[in-house]
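S.K.: sequence below, structure please.
(4 chains)
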Number of protein chains: 2
Amino acid sequence: MANDTAHTATLVEVAAAARVSVSTASRAFNGRGEANRISASTISRVQQEAERLRFQPSQLARSLQSQRSGLIGVIVPDVSNPFFAAIAREVTVQAEAHGLSVLLADSRETTSVEIKLLGELQSRRVEGLVVCPVGEESQHLVHVDQVVTPIVLVDRCFTGLPLASVHSDNVHGAKQAFKQLLTHGHSVIGCLQRLSGTLPNEQRLSTVRNEMQQAGLVLDDSLIAGDNFTESSGYESAKLLLASRPDVTAFFAFSSPNAFNALRAAEEVGRSVTDDLSLVAFDDSPFAEFMQVPLSTVSQDLQRLGRTAAEVVLKQLKTGKKPRKRTHSFPVKLNPRQSIQDNQT
Amino acid sequence: MANDTAHTATLVEVAAAARVSVSTASRAFNGRGEANRISASTISRVQQEAERLRFQPSQLARSLQSQRSGLIGVIVPDVSNPFFAAIAREVTVQAEAHGLSVLLADSRETTSVEIKLLGELQSRRVEGLVVCPVGEESQHLVHVDQVVTPIVLVDRCFTGLPLASVHSDNVHGAKQAFKQLLTHGHSVIGCLQRLSGTLPNEQRLSTVRNEMQQAGLVLDDSLIAGDNFTESSGYESAKLLLASRPDVTAFFAFSSPNAFNALRAAEEVGRSVTDDLSLVAFDDSPFAEFMQVPLSTVSQDLQRLGRTAAEVVLKQLKTGKKPRKRTHSFPVKLNPRQSIQDNQT
DNA sequence: CTGAAAGCGCTAACAT
DNA sequence: ATGTTAGCGCTTTCAG
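M.R.: Below is the predicted model:
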């Protein structure tokens, strides 16, 4: 009746309409009326006016005054990657269940972007941080830890860092996967890696090296291909490898997209899984078992990773103290299917 | 040197350290020093102190004062679904490129949650909204439009609503897909739908009905299965359909997960695509062509959907006026592969 | 060239 | 049972 601007009502307007002071309005609106012995009639009057004016309390103002943003920051390298999407979802759902909202950011696999985003989230005063780091550098994360706590890292963690982290048991996973290949008589095995230099990647790589060594073999560098997590580059490098090392008889793909790229690349150069080429991949997919050749995989428990990350942050937020357990490592599961066959050469 | 609490420095602290007033500190820090003829020495002193104290301006305070949150709200039914993840990512990346952050929320395919989330985002004063609605109800969205503008709907849109919306051409997509099945002689065709009652779903369904009719056939209700977008329920309903209508010779899956469920269900009852059963699906997947039987699909341009949604919001944010074009419908692409074969019965 | 003061919308002492 | 006031951290007139 008074003012028709497309402007959300404020508490003072509600208070004026209900003809009480702002503090009374605040108390009545927030259900602290009883505790403050505000008359029932006043309470309902305030609530009515709030309703009528479509009052939505400004979380901005509240946050400023309470020094609590109610925000959790989540940074992932690529939200459209099912792996990270699953983590993001789990954290989001958990956070919402605890009355917190999630600020989601996408670092595009770029450390500099990650740094920028970290700053932005910080200035928005997020109360906690779940980050799947790019993984090439870590100082900025340690640095952030001194300001925004709690922070927890997922997947691309680092060794020797005083940061909480959640990840799968990459060593054991790689070992299981790779053993399958060895058992089937393969000895010239290509590795299609993710982002080189990151911990999970190096752990998988060195596990492969160890296993090779124990089998009296050696992993030549020319058998390592790929430089990140994305489709296109994985495809190029798989193709290169196929060309330079026509003697490969098997691939170990460090990610599900990489596996799919290997398939595509192999097909184009006239080689076929399984007749000609065996394949095992890290990370499962609902499609894996329905592939031309059902894909042998090692699957991570994404839901558990995400949930744990959320829990670490939320618990620390609640208790205010760092948890005793800093590193959470979860087992992976081997899903043997038909993409691994005996070496024929 | 002064205070060691794990407390982010504020502007007054920086000002004190630089021995200037807060206003000077603010101007110097924000690069408005030149314009305000602040001495170079003062500027650098302020910047130094800001640096030293690791000053991160509170976006909370800024937002409150500027009445601009710098936030875009994104609501999707399920972030872990690749379809929505792709949309979310595109919006996120676009928003970040424009200096805005994204508040991501997951409605878990539940209208009541969607309503709650809408309120929360509103109280955080998001400046724009991209929502992939659950799609069963729409009034709450119209309602929100009067408060938070701009808002744009993606995918599960509604007819006759004064809301901006971005979606694929479901009718043409369904027609293309379905025609393939008819052409190959199928007449008893099961439809594995998404969320019943939502516009894309009904458009696809009625397209199927029309096509059937034109072919002198009729789509019996017993041939429609599924009630949402998720794996498990799609699986159950596909199985039910297979049991109750053993005469089906083909499936039209309204989503990629549904297609995969049909596969799983079919396998378990001893039927096999393609010998026995043809299959075409809405939404492509990088795996589609490497399936046991390469999957015929109709693919949506997810990136374009997401980018357009972001653009509509961002442009409106910039110009302040509603765009003339309210509805954006994009073509889909038919990817014929081998999962459709001639009906043998 | 710089400072003082008001105010964004809310909550929480501290009065009555 | 309710009102007054101060203040969260910042920007921005308005005064020097």
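S.K.: what number of residues are in the vicinity of A:G270?
M.R.: Residues lying near A:G270 (other CB atoms under 10 Å in any protein chain shown) number 8. Placement of C-beta: from N, CA and C, glycine included.
S.K.: state the three-state secondary structure for it.
M.R.: coil (DSSP: H, G, I helix; E, B strand; the rest coil).
S.K.: quick check: A:A288 touching A:N335?
M.R.: Yes: if you go by CB atoms under 8 Å, A:A288 and A:N335 touch, sitting 7.1 Å apart.
S.K.: please name the nearest non-neighbouring residue to the residue of the stretch 201-345 of chain A found nearest chain B.
M.R.: Proximity of the stretch 201-345 of chain A to chain B (CB to the nearest CB) peaks at A:F287, 4.0 Å away. In space, and not counting its chain neighbours, A:F287 is closest to B:F287: 4.0 Å by CB to CB, 6 or more residues apart in numbering or on different chains.
S.K.: the more surrounded of A:A288 and A:N335?
M.R.: Shown here are A:A288 and A:N335; by other CB under 10 Å, A:A288 has more neighbours (21 against 17).
S.K.: residue ranges of each domain in chain A, please.
M.R.: Domains of chain A are assigned by automatic domain parsing as A:11-65, A:70-168+A:302-332, A:170-300.
S.K.: what is the burial count for the closest residue to DNA strand D within the stretch 201-345 of chain A?
M.R.: For the stretch 201-345 of chain A, the residue closest to DNA strand D is A:G320, as judged by CB to the nearest atom of the strand, at 18.1 Å. Counted with other CB under 10 Å, the neighbours of A:G320 add up to 9.
S.K.: number of residues surrounding the nearest residue to A:V76 once chain neighbours are set aside?
M.R.: Excluding the flanking residues, the one nearest A:V76 by CB to CB, 6+ apart is A:F84, at 3.9 Å. Residues lying near A:F84 (other CB under 10 Å) number 26.
S.K.: which helix or strand lies directly C-terminal to the strand or helix carrying A:F84?
M.R.: In the assignment (DSSP states H and E), A:F84 maps to helix A:82-97. Using DSSP H and E, the next helix or strand after helix A:82-97 towards the C-terminus is strand A:101-106.
S.K.: need the residues that contact that next one.
M.R.: Residues outside strand A:101-106 that contact it (CB atoms under 8 Å, 6 or more residues apart in numbering or on different chains): A:70-79, A:88, A:91-92, A:95-96, A:117, A:120-121, A:124, A:126, B:74, B:88-89, B:92-93, B:96, B:101-105, B:120-121, B:124.
S.K.: likewise stretch A:120-129?
M.R.: By CB under 8 Å, 6+ apart, the list of residues contacting stretch A:120-129 reads A:63, A:67-75, A:100, A:103, A:105, A:118, A:144, A:147-152, A:313-314, A:316-317, B:8, B:56-60, B:101.
S.K.: going by neighbour count, which of those residues are buried?
M.R.: A:63, A:69-75, A:100, A:103, A:105, A:118, A:144, A:147-152, A:313-314, A:316-317, B:8, B:56-60, B:101 (16 or more other CB atoms under 10 Å in any protein chain shown).
S.K.: run through the residues that contact A:A35.
M.R.: Contacts of A:A35 by CB under 8 Å, 6+ apart are A:R27.
S.K.: that's a helix at it, yeah?
M.R.: No: using three-state DSSP, the secondary structure at A:A35 is coil, not a helix.
S.K.: per-residue confidence for it?
M.R.: Per-residue confidence (pLDDT) for A:A35: 84.
S.K.: for A:S107, grab the count of nearby residues.
M.R.: Using other CB under 10 Å: A:S107 sits among 23 other residues.
S.K.: gap between the closest residue in space to it that isn't next to it in sequence and DNA strand D?
M.R.: With sequence-adjacent residues excluded and distances taken as CB to CB, 6+ apart, A:S107 is closest to A:E114, at 4.0 Å. Relative to DNA strand D, A:E114 is positioned 23 Å away (CB to the nearest atom of the strand, to the nearest Å).
S.K.: so A:E114, which state does it fall into?
M.R.: helix.
S.K.: from what I can see it touches A:E136, true?
M.R.: No: counting by CB under 8 Å, A:E136 is not a contact partner of A:E114; they are 9.3 Å apart.
S.K.: which of these two has more neighbours?
M.R.: A:E114 (26 against 14).
S.K.: check contacts around the more buried one.
M.R.: Neighbours of A:E114 in contact, by CB under 8 Å, 6+ apart: A:75, A:107, A:131, A:133-134, A:140.
S.K.: quick one: neighbours of A:P331, just the number.
M.R.: Neighbours of A:P331 (other CB under 10 Å): 12.
S.K.: ugh, typo on my part, it should be A:K325
M.R.: The burial count for A:K325: 8, using other CB under 10 Å.
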